[in-house]
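Colleague: curious how this folds, go ahead:
(one chain, ligands or ions: 2)
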Amino acid sequence: MDQQKVDILISSSVWDPKPWVEGLSKSDLVGEIHVWPTKADLTNVEVLFVWKPLAERVIDLLPNLKWISSLGAGVDHLMIDAQIPSDLPITRIVDPFLARDMTNYVVMGLMMHQRSMLSHLENQKSNTWERITYQSLKVGVMGLGALGGHLAEKLVDLGFEVFGFSRTLKEIEGVKCFEASGIKDFLGQAEVLVNLLPVTPQTTDILNKEVFEGLPKGAYLINVARGNHLVEQDLIDSLDQGHLSGALLDVFRTEPLPSDSALWRHPKVIITPHVASVTTPKSAIELLLNNLSRLKTGEDLLHTVNINQGY
Ligand code: NAP
Ligand code: GLV
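Modeller: Residues are numbered from 1 along each chain as shown. Ligands and ions are numbered 1, 2, ... in the order given. Just a heads-up that it's a prediction; the model follows:
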């Protein structure tokens, strides 16, 4: 091993590791890059980059591991993995491209709902000229972090009335913010509810019957955070009872969404396959290399996860 360089293991069971290997290998800081699965000796690996799930017992092969990073914004895949040591820094991707793309996706969903695009598409099939007009909307954003905070700001610029909800109270210009204890008042305003919370023991199953009943009649749900936030049957019941008017879902408890899931066929549900905002290797690699340089000089890493909070 070159003493100046750091060996890396990449475990990406969902994405192609190639762009990551190519991008990282251009840096003088980077030594050998291994891609899991491998039979190579991993003793010198100091850094692990993971996009879920990590195979069992990989950590046992890395006695010199110093830092783990998720290759996405979410770290739930690491938080639930018992082999992840609690004494190593864990970081995640916080990237303006990720925030921009998420905001664009949610705005698309909001506009499609506000402008009744599904009804217009249906009418077009029978040459039906029906002037369905639109109303202004109050939008509730759950989670005001890197993604939800960006979204809330942009929605204000677009003229929506915006309500925000987070664990600790935030101040965002033009946004009426609520902390966790204010959930009832927050929900009561949200004609569209956008979920951008992380999955933690406190937020698992948070999109449930009780929360749906707290929303105004006719409310619309956009879930772009994680499938484990949503109790799917409660959503289907609320849609069938006519309380919720529809849902745009990008994330699911089981991905790919099983072909026998009732969600696929539900007329009020739009499904996309976890593509709301996808990490851009080029910009994420800059962030990872910045942190690698900090690791080498002993500076604090950026975008660390608070393991006790779970995000
Ligand atoms: P983040 O920066 O960690 O922000 C999380 C926000 O949720 C914070 O405002 C936090 O409150 C709030 N929160 C956490 N626990 C809470 C609780 N119990 N009650 C109320 N609020 C709570 O996360 P992010 O980078 O914005 O990403 C959010 C999630 O988006 C990720 O975890 C991931 O699951 C998902 N995601 C999905 C896609 C996709 O393509 N579908 C892409 C990227 C990310 P405080 O501000 O008070 O800490
Ligand atoms: C995608 O879901 C991410 O967490 O980046």
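Colleague: partner residues bridging Val50?
Modeller: Counting by DSSP bridges, Val50 forms beta bridges with Ser11, Ser70.
Colleague: next, count neighbours for it.
Modeller: Number of residues near Val50 (other Cβ atoms under 10 Å) recorded here: 24. To be clear about C-beta, it is placed using only N, CA and C from the backbone, and glycine gets the same treatment.
Colleague: ok, the helix or strand that Gly246 is a member of near ligand 1 or not?
Modeller: For Gly246, the element it lies in under DSSP states H and E is strand 244-249. No: on the criterion Cβ under 6 Å from any ligand atom, strand 244-249 is out of touch with ligand 1, staying 9.8 Å away.
Colleague: which element is encountered next along the chain beyond that strand?
Modeller: Downstream of strand 244-249, the next assigned helix or strand under DSSP H and E is helix 262-265.
Colleague: start and end of stretch 121-131, how far apart?
Modeller: Terminal residues of stretch 121-131 are spaced 13 Å apart (Cα to Cα, to the nearest Å).
Colleague: and it, what's its mean pLDDT?
Modeller: Throughout stretch 121-131, pLDDT has a mean value of 98.
Colleague: can you name the residues in contact with it?
Modeller: Ser119 (Cβ atoms under 8 Å, 6 or more residues apart in numbering).
Colleague: same thing with stretch 171-180?
Modeller: With contacts defined as Cβ under 8 Å, 6+ apart, stretch 171-180 is touched by 141, 144, 149, 152-153, 156, 162-170, 185-186, 189.
Colleague: from the contact counts, what lies against the helix ranked longest in the chain?
Modeller: Longest helix in the chain, counting residues (DSSP state H): helix 96-114. Under the contact criterion of 3 or more Cβ pairs under 8 Å, 6 or more residues apart in numbering; DSSP states H and E, helix 96-114 touches helix 146-157, strand 192-195, strand 219-223, strand 244-249.
Colleague: can you check the pLDDT for Gln4?
Modeller: Looking at Gln4, its pLDDT reads 82.
Colleague: ok so, going back, would you write a ChimeraX line that selects the buried entries of the contacts of stretch 171-180?
Modeller: In ChimeraX syntax, the buried subset of the contacts of stretch 171-180 is picked out as below (16 or more other Cβ atoms under 10 Å):
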select :141,144,149,152,153,156,162,163,164,165,166,167,170,186,189
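Colleague: check the contacts of stretch 171-180 one by one and keep those near ligand 1.
Modeller: Restricting these to those within reach of ligand 1 (Cβ under 6 Å from any ligand atom) leaves 144, 165-168.
Colleague: which of the residues you listed sits closest to Leu207?
Modeller: Phe165 (12.4 Å; Cβ to Cβ).
Colleague: in this structure the closest one contacts Gly145, no?
Modeller: No: under the criterion of Cβ atoms under 8 Å, Phe165 makes no contact with Gly145, lying 11.4 Å away.
Colleague: for Leu155, give its distance to ligand 1.
Modeller: Separation of Leu155 from ligand 1 (Cβ to the nearest ligand atom, to the nearest Å): 15 Å.
Colleague: quick check: chain neighbours aside, which residue is closest to that residue?
Modeller: Leaving aside its sequence neighbours, Leu155 sits nearest to Val162 (Cβ to Cβ, 6 or more residues apart in numbering; 4.8 Å).
Colleague: in a helix, that neighbour, correct?
Modeller: No: remark: Val162 does not belong to a helix; assigned using DSSP: H, G, I helix; E, B strand; the rest coil, it is strand.
Colleague: close enough to count as contact, it and Val139?
Modeller: Yes: using Cβ under 8 Å, Val162 makes contact with Val139 at a distance of 5.4 Å.
Colleague: so for these two, which residues contact both of them?
Modeller: Listed contacts common to Val162 and Val139 are Leu155; contacts here mean Cβ under 8 Å, 6+ apart.
Colleague: pretty sure Ile270 is in a strand, no?
Modeller: Yes: according to three-state DSSP, Ile270 belongs to a strand.
Colleague: now do the contacts for it.
Modeller: Residues near Ile270 by Cβ under 8 Å, 6+ apart: 109, 112, 118, 246-249.
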